[in-house]
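1. kindly return the folded structure for what I paste below:
(chains A, B, C and D)
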Number of protein chains: 2
Amino acid sequence: MNIGQASATSGVSAKMLRYYESIGLIPKAVRTEVGYRVYTENDVQTLRFIRRARDLGLSIERIKLLVGLWHDRGRSSADVKRVAADHVAELEAKILELTAMRDTLQELADACHGDHRPECPILRDLAGGGAKSRRAPASRKAARASVPAEHC
Amino acid sequence: MNIGQASATSGVSAKMLRYYESIGLIPKAVRTEVGYRVYTENDVQTLRFIRRARDLGLSIERIKLLVGLWHDRGRSSADVKRVAADHVAELEAKILELTAMRDTLQELADACHGDHRPECPILRDLAGGGAKSRRAPASRKAARASVPAEHC
DNA sequence: CGTGGTGCTTCCCACCGTGGGAGGGTCAAG
DNA sequence: CTTGACCCTCCCACGGTGGGAAGCACCACG
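-> Residues are numbered from 1 along each chain as shown, chains lettered A, B, ... in the order given. A predicted model of the protein is given here:
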């Protein structure tokens, strides 16, 4: 199977196939005499595994671990579960971060008239005036004394 | 004020200050005779604006828009609100995506014994066996015939 | 047998922000 | 004058992915 076939049947682009090989996520493919990469049905299985793992947002590094465990008959499921749990924790953290951003921005947008007038709570907050309702970034220098009011 | 001072009081790293200047997010700073960048209190205000916008996850491109609107006394708040709403929509989409990933992975992890034995639903699913409970990626080639079982 | 189109190769560039660091000039305090 | 803290520019890295150019390989059709 050439790289095009492998790509089409695995859902991993040829570009990514070469990239994964270059970073050692998959072993170097066997080559034909003229240098074409050759893949087996088995390789495609691994690629599909990788593809699904990527779809779940796992980093290449963690996928490396999982592929290793997958190929290791003596693995313990605890090891696999740990990798998954780590990723869940990371996703969770990211979700919380984005949610805080969204909530803050949504509140500001809700407070904005959205009409032809220039007055806008969103800009006021970003300019430092709305120190009361900001909570997203948690830690930030509280010192926000007097705004020179050159803008706004 | 030198770049170090501006950085310290605005919360934007010196590195980023130079970068923002290079991409045109902020105007080119005035220089001393020996080439040091010089900032005013007013520049720092803008930098804090940018910093807070970044904390809310806004892209540089959108921040450019907002800074422009901020400096424009004739703006309409509707324009500002639109930029904010666009970003909220983007955040929302990302949150949904990550949440779907997390939920799927969490379910798989919950089904995993996490003991010394090799049998593991997480790997089974990634290998293509668990076609029943996958829902995250929505569109994927359903054709997942027989797994050669070379692994697992 | 030629030729065109498709496929494969490698290599470089781009994205988006951010950090690190090398190599060199400046400034102020001791 | 020396030393340490700054500042300058320029390059590289990250994570993954896509785009594209230049140059062979292969296949099918005429």
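2. any idea which helix or strand carries the residue nearest the centre of chain A?
-> Residue closest to the mean C-alpha point of chain A, counted by CA atoms, centre = their mean, is A:Gly57 at 5.7 Å. For A:Gly57, there is no host helix or strand (DSSP states H and E).
3. pretty sure it sits against A:Glu92.
-> No: assessed by CB atoms under 8 Å, A:Gly57 is found out of contact with A:Glu92, at 11.6 Å. The C-beta positions use only the backbone N, C-alpha and C, and glycine is treated the same way.
4. ok, back up a step: mind listing what the residue nearest to the centre of chain A touches?
-> Residues in contact with A:Gly57 (CB atoms under 8 Å, 6 or more residues apart in numbering or on different chains) are A:87, A:91, B:98, B:101.
5. grab the nearest non-local neighbour of A:Asn44.
-> One thing to correct before we go on: residue A:44 is Val, not Asn. A:Ser10 (4.8 Å; CB to CB, 6 or more residues apart in numbering or on different chains).
6. ok, now which ones touch that neighbour?
-> A:44, A:47-48, A:51.
7. so which of those reach DNA strand C?
-> Applying CB under 7 Å from any atom of the strand, the subset of these adjacent to DNA strand C is empty.
8. now the two most distant members of those.
-> A:Val44 and A:Arg51 (10.0 Å; CB to CB).
9. up against DNA strand D, what does chain A have?
-> Residues of chain A lying near DNA strand D (CB under 7 Å from any atom of the strand): A:13, A:15-16, A:19, A:32-34, A:36, A:54, A:59-61.
10. could you dump those into a markdown table with pLDDT and secondary structure added?
-> Output for the residues of chain A next to DNA strand D, formatted as a markdown table (pLDDT from 0 to 100; DSSP: H, G, I helix; E, B strand; the rest coil):
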| residue | pLDDT | secondary structure |
| --- | --- | --- |
| A:Ser13 | 96 | coil |
| A:Lys15 | 96 | helix |
| A:Met16 | 97 | helix |
| A:Tyr19 | 96 | helix |
| A:Thr32 | 95 | coil |
| A:Glu33 | 93 | coil |
| A:Val34 | 94 | coil |
| A:Tyr36 | 97 | coil |
| A:Arg54 | 96 | helix |
| A:Ser59 | 96 | coil |
| A:Ile60 | 96 | helix |
| A:Glu61 | 95 | helix |
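11. so who does the residue nearest to A:Ala53 when sequence neighbours are not counted touch?
-> Counting by CB to CB, 6+ apart, the nearest residue to A:Ala53 once its immediate chain neighbours are dropped is A:Ile63, at 4.6 Å. With contacts defined as CB under 8 Å, 6+ apart, A:Ile63 is in contact with A:25, A:50, A:53-54.
12. how does it look with 7 Å?
-> By CB atoms under 7 Å, 6 or more residues apart in numbering or on different chains, the contact set of A:Ile63 is A:25, A:50, A:53.
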